[in-house]
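Undergrad: below: sequence and its predicted model.
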Amino acid sequence: MPDQLLFAIEVTLNGLMAGVLYALVALGFVLIFKASGIFNYAQGVMALFAALTLVGIMEGQVPFSHLINAIFGTDVHHFAWEVPALLAILLTMTVMVALAWLVNTLIFRHLVGQEPIILFMATIGLAYFLEGFGDIMWGSDIKTLDVGLPQGLNESIDEFTFNLFGYGFFIDNLDIVATIIAAILVAALVAFSQYTKQGRALRAVADDHQAALSVGISLSFIWVLVWSIAGFVALVAGIMWGAKSGVQFSLSLIALKALPVLMLGGFTSIPGAIVGGLIIGVGEKLFEFLVGPLVGGATENWFAYVLALIFLVFRPQGLFGEKIIERV
Amino acid sequence: MLYREAGDFKTSYKDDAQTFPIKFDRYRYYAVLLVGLAVVPFVINDYWVNAIFLPFLIYSIAAIGLNILVGYCGQVSLGTGGFMAVGAYGCYKLMTAFPEVNILFHVIAAGGITAIVGVLFGLPSLRIKGFYLAVATLAAQFFLVWLFNRVPWFYNYSASGQISAPERTLLGVNITGPNTEAWASYLFCLVLVFFCAWVARNLTRGSVGRRWMAIRDMDIAAEIIGVNPLTAKLSAFAVSSFFVGISGALFFSVYLGAVEVGEAFGIQKSFLVLFMIIIGGLGSIFGSFAGAAFMVLMPVLLKNTLVGTLGWPTDLAAHIEFMIVGGLIVTFLIAEPHGLAQLWRLTKEKLRLWPFPY
């Protein structure tokens, strides 16, 4: 096979893997949007916050140490212990549930029935708040996150493809793990929403708030539940992205990348989030590979948005979304 | 006591429809203009101009522009930073291509260019709305910043990739460049702010503004009563981008002097201007000013108190600023969705009856 084609295939494979990570973030969006009609811009920052908290707990950092030092002139930074990864993940999950409860009680309960765009802006405010809060709590320096996931070149694939085509594909172990975890996560979410009592209640709320209320489903419980699940998805995404590129501010920008994914896949569809993520992942990598050199590179910054923009003009509800019907 | 309609007799329709129907408001407005034009230029120094007045004035223009689009026409845009970049680069190209032309025309022409670009990116608004549109405008934001970063023609093939404003004068006085006097750049911006606010106020009072508001309140109903969504939405995009472009041009040429596009006009700038109009008040020209003043003053005050007085590290102050901004956005959306402008309106209502409310 010609080299160019082999490169293209390798790029496509890597794009698929990157797409899985986009899809992970997009999943969190879809969950909240379906259940409460809130388009949660803060999802990316939640991933950042979760990753920061995880690192902080694992390394035994003192929360708010900068603030404490500034006020009292002390010099505290670390407790004398380190927490094993699994326990730290559980603790972080507790923090995320607490966060979900707080967000629901303090913000979104007061905004019930507002226009979607107001809710959207409120989540932008929440994103800003969380960003500052996370940095104050754990410090803003770039941290490395190591929960023991395998990383680096996958040698068996490299060897296998080398024997087959005479050219070894470079595929990161971490991406493979991420793909597997994403698959498990989606399966678990689908199973949860199809077969458990809470899952059914969640779908009922997504269908019709009033009807759900009248059959005795507690709305506030469901919302806290949904935000907790979104927090969990954010934690998983935060671990993956954090292990890939370090825990830093740019992590929160992946939320912006997840938006075009949702546009493509449709806001209300879990499979849509996955397919959209894959399309965007492959599309931007291939575009950068084929067209990028001609126009100066770094097309990844905007390709996804422009693709979504063009796509929206022809099919506003996305690939799998429900048709938007407007009544006066 | 002074704030009354009573005794202020309107004898013509023109009087009745004026912008400030209450005498006190009118005089207050003239007083503000007088202080701004005739007192402030003589007492300010470089620090005040660069830290407070210039950013306030320039962001006010941007906020007015965005408020027309978001507050009056209901089309949420996250592309303000990108459009400001169009204004800045348009101004730069014009300044270097036609050095003998007056800087004022460059700035206005840069606004015109931005208006055209804005209409182009506003086209999808005919098909999509709400946060779908918000995401579509993100495409404008990222694409435009990338364009100015990657295509060397826009920055005249300079080695650093930055653009810097050459020295230009107006009536023999330096407006841009390193030798500019504080009062000159202040007055230049103030005049443009006055012009923009005046145009915006009168547009929104007239039939164009009513069409925008009809689209905002319910676009299908607006269409039924005879508002053409095509012209209404696109004109909102054009006017809004015109103002945003002017503010971008000023931001680059008068305020900063040299910019790097990703830093000066990134997505953060879009959010900053959006926050200004949320805090200031959606659908209010006064709100645009109030929001701009608030968002410019708050970081300065915070920095002075936390870093200057208490001696805390700067990054801590920056994080606290994030928290306060985020918290305020949410608080305003919950408690007072119409922002500072609504508080101002309530105060005026109270003042009309004060001191005998019954």
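TA: Now that the structure is in, tell me what you want to look at. Residues are numbered from 1 along each chain as shown, chains lettered A, B, ... in the order given.
Undergrad: which residues does A:Thr144 contact?
TA: A:55, A:246-247 (C-beta atoms under 8 Å, 6 or more residues apart in numbering or on different chains). For the C-beta atoms, the positions are set from N, CA and C on the backbone; glycine is no exception.
Undergrad: got the contact list for the helix or strand harbouring A:Ala100?
TA: Assigned by DSSP states H and E, A:Ala100 belongs to helix A:85-103. Contact with helix A:85-103 is made by A:46, A:49-50, A:53-54, A:57-58, A:83, A:126, A:147-148, A:224, A:226-228, A:230-232, A:234-235, A:239, as judged by C-beta under 8 Å, 6+ apart.
Undergrad: isn't A:Tyr128 up against B:Ile324?
TA: No. The pair A:Tyr128 / B:Ile324 is not scored as a contact, 9.1 Å apart, by C-beta atoms under 8 Å.
Undergrad: neighbour count winner among those two?
TA: A count of neighbours by other C-beta atoms under 10 Å in any protein chain shown puts A:Tyr128 above the other of A:Tyr128 and B:Ile324, at 25 against 16.
Undergrad: that one - nearest residue in space that isn't next to it in sequence?
TA: Leaving aside its chain neighbours, A:Tyr128 sits nearest to B:Gly326 (3.2 Å; criterion: C-beta to C-beta, 6 or more residues apart in numbering or on different chains).
Undergrad: same check, this time on A:Pro316
TA: According to C-beta to C-beta, 6+ apart, the nearest residue to A:Pro316 is B:Ile128 (5.1 Å).
Undergrad: secondary structure element for that neighbour?
TA: Here B:Ile128 is assigned to no helix or strand, by DSSP H and E.
Undergrad: burial count for it?
TA: B:Ile128 - counted by other C-beta under 10 Å - has 20 other residues nearby.
Undergrad: again, but for A:Ala206
TA: What A:Ala206 shows, counting by other C-beta under 10 Å, is a neighbour count of 19.
Undergrad: so which helix or strand takes in it?
TA: helix A:197-207.
Undergrad: quick one on the thing from earlier: what separates the residue nearest to A:Pro316 from B:Val135, distance-wise?
TA: Separation of B:Ile128 from B:Val135 (C-beta to C-beta, to the nearest Å) stands at 9 Å.
Undergrad: same check, this time on B:Arg211
TA: Counting by C-beta to C-beta, the gap from B:Arg211 to B:Val135 is 25 Å.
Undergrad: again, but for B:Ser207
TA: 31 Å.
Undergrad: list the residues that contact the closest residue to A:Met46 other than its chain neighbours.
TA: Nearest residue to A:Met46, sequence neighbours excluded (C-beta to C-beta, 6+ apart): A:Ala234, at 3.9 Å. For A:Ala234, the contact set (C-beta under 8 Å, 6+ apart) comprises A:25, A:28, A:43, A:46-47, A:49-50, A:96.
Undergrad: closest to B:Gln18 among those?
TA: Lowest distance from B:Gln18 to the contacts of A:Ala234 (C-beta to C-beta) belongs to A:Gln43, with 48.5 Å.
Undergrad: name the element the closest residue to the closest one other than its chain neighbours belongs to?
TA: Leaving out its chain neighbours, the residue that sits closest to A:Gln43 by C-beta to C-beta, 6+ apart is A:Gly28, at 4.6 Å. Using DSSP H and E, A:Gly28 falls within helix A:3-36.
Undergrad: okay, the angle between that helix and helix A:197-207?
TA: Per axes from the mean of the first three to the mean of the last three C-alpha atoms, to 10 degrees, the angle that helix A:3-36 makes with helix A:197-207 is 90 degrees.
Undergrad: give me the helices and strands touching helix A:3-36, please.
TA: With contacts defined as 3 or more C-beta pairs under 8 Å, 6 or more residues apart in numbering or on different chains; DSSP states H and E, helix A:3-36 has these neighbours: helix A:43-59, helix A:173-195, helix A:197-207, helix A:219-245, helix A:254-265, helix A:270-290.
Undergrad: how far off helix A:173-195 does it point, in degrees?
TA: Using the same axes, to 10 degrees: helix A:3-36 against helix A:173-195 is 30 degrees.
Undergrad: buried stuff in helix A:3-36?
TA: Going by neighbour count (16 or more other C-beta atoms under 10 Å in any protein chain shown), the buried part of helix A:3-36 is A:6, A:10-36.
Undergrad: check stretch B:86-105 too.
TA: Result for stretch B:86-105 [16+ other C-beta under 10 Å]: buried residues B:86-95, B:103.
Undergrad: check which residues of the host helix or strand of B:Lys14 are buried.
TA: Assessed by DSSP H and E, B:Lys14 sits inside helix B:13-16. Across helix B:13-16, burial judged by 16+ other C-beta under 10 Å covers no residue at all.
Undergrad: could you do stretch A:264-275 as well?
TA: A:264-270, A:272-275.
Undergrad: what's the first-to-last distance across that stretch?
TA: 8 Å (C-alpha to C-alpha, to the nearest Å).
Undergrad: that one close to chain B?
TA: No. Using C-beta under 8 Å from any C-beta of the partner chain, stretch A:264-275 never reaches chain B; the gap is at least 8.6 Å.
Undergrad: contacts for that stretch?
TA: In contact with stretch A:264-275 (C-beta under 8 Å, 6+ apart) are residues A:20, A:23, A:26-27, A:29-31, A:33-34, A:39, A:182, A:186, A:189-190, A:261-262, A:276-277, A:279-280, A:307-308, A:311, A:317-322.
Undergrad: tell me which other helices or strands the helix ranked longest in chain B touches.
TA: For chain B, the helix that runs over the most residues, judged by DSSP state H, is helix B:182-205. Under the contact criterion of 3+ C-beta pairs under 8 Å, 6+ apart, helix B:182-205 touches helix B:40-43, helix B:54-67, helix B:229-250, helix B:285-302.
Undergrad: got the angle for it vs helix B:229-250?
TA: Counting by the same axes, to 10 degrees, helix B:182-205 lies at 170 degrees to helix B:229-250.
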